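**Q** Below are the sequence and a predicted model; questions follow.
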Amino acid sequence: LGTERVMAVDARTTPRVGRKHFPETLPLRDKELVLTFDDGPWPTTTPKVLVALKAECVRATFFLLGRNTDAHPQIARRALTEGHSLGHHTYSHPLLNGMPLDKAEAEINRGISRDELAVNGTSRTDPTTPFFRFPGFASSQPLLDRLQDRGIVVFGADVWASDWLTMTPEAELELLLARIAHVGRGIVLLHDTKAQTANMLPALLRELKKRGYRIVHVVPAHGQVSQ
């Protein structure tokens, strides 16, 4: 399948992307997809996802949970070494929209700092890759504004496999392919912590190639942004 091209994403021009949640998505062409994975790294499943991506020369974006990078830093470092982008997904996956603003931002920063320590060896809250996804997509306008001020792009999604629901890999593949065909292009959300997704991924990548889809890898436009 391969990775067709690399797209630099800048919070100044595209602060929030994904049509399931926001008015706009990434400026993708027809049949272009960005593959994203949430909640990892996880020892029994993320390595299988990485093997499948490497076999097809596909680069994706992983939105890491700080508590999981604490526990499995070597897997997060492996994803970076293999060319994937590493974004952030809080420390412990709470729904942030019901929390006081200072506590919500502290949770975001804790996740970023633990991810940075695990991957880059330095605890910091100005992320090397300034990409963030809200757990459960539970954002609030003050948090969205604060992240934009910090130069952090908020990723929603355009399509997902509903892989938080138990189903067979075959059923997940059929569901996701139908949804991708319906939207035509966009950000795809999967979870690298789910065994059914890890088992489904090789077939998904083969089918995407067969059906003429192309993969775009997203990276930061300007590297790290200081607070």
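**A** Looks like it arrived, so ask away.
**Q** Could you use CA atoms for every contact and neighbour count after this?
**A** Will do.
**Q** My understanding was that residue 194 contacts residue 163; is that so?
**A** Yes: Residue 194 is within contact range of residue 163, at 7.1 Å (criterion: C-alpha atoms under 8 Å).
**Q** Show me the contact partners of stretch 114-133.
**A** 63-67, 69-70, 73-74, 76-77, 80, 85-89, 91, 109-110, 112-113, 151-156, 219-220, 223-227 (C-alpha atoms under 8 Å, 6 or more residues apart in numbering).
**Q** end to end, how far does that stretch reach?
**A** 16 Å (C-alpha to C-alpha, to the nearest Å).
**Q** Okay, buried residues for that stretch please.
**A** For stretch 114-133, the neighbour count (16 or more other C-alpha atoms under 10 Å) marks 114-119, 123-133 as buried.
**Q** Could you do stretch 89-109 as well?
**A** 89-94, 96-97, 104-105, 107-109.
**Q** got it, and stretch 148-155?
**A** Residues of stretch 148-155 classed as buried: 148, 150-155 (neighbour count, 16+ other C-alpha under 10 Å).
**Q** Distance-wise, check the residue in the chain sticking out farthest from the centre relative to residue 178.
**A** Farthest-out residue of the chain from its mean C-alpha position, per C-alpha atoms, centre = their mean: residue 100, at 24.9 Å. Using C-alpha to C-alpha, we find residue 100 at a distance of 39 Å from residue 178.
**Q** now residue 170
**A** Distance from residue 170 to residue 178, by C-alpha to C-alpha: 13 Å.
**Q** now residue 190
**A** Relative to residue 178, and taking C-alpha to C-alpha, residue 190 is found at 15 Å.
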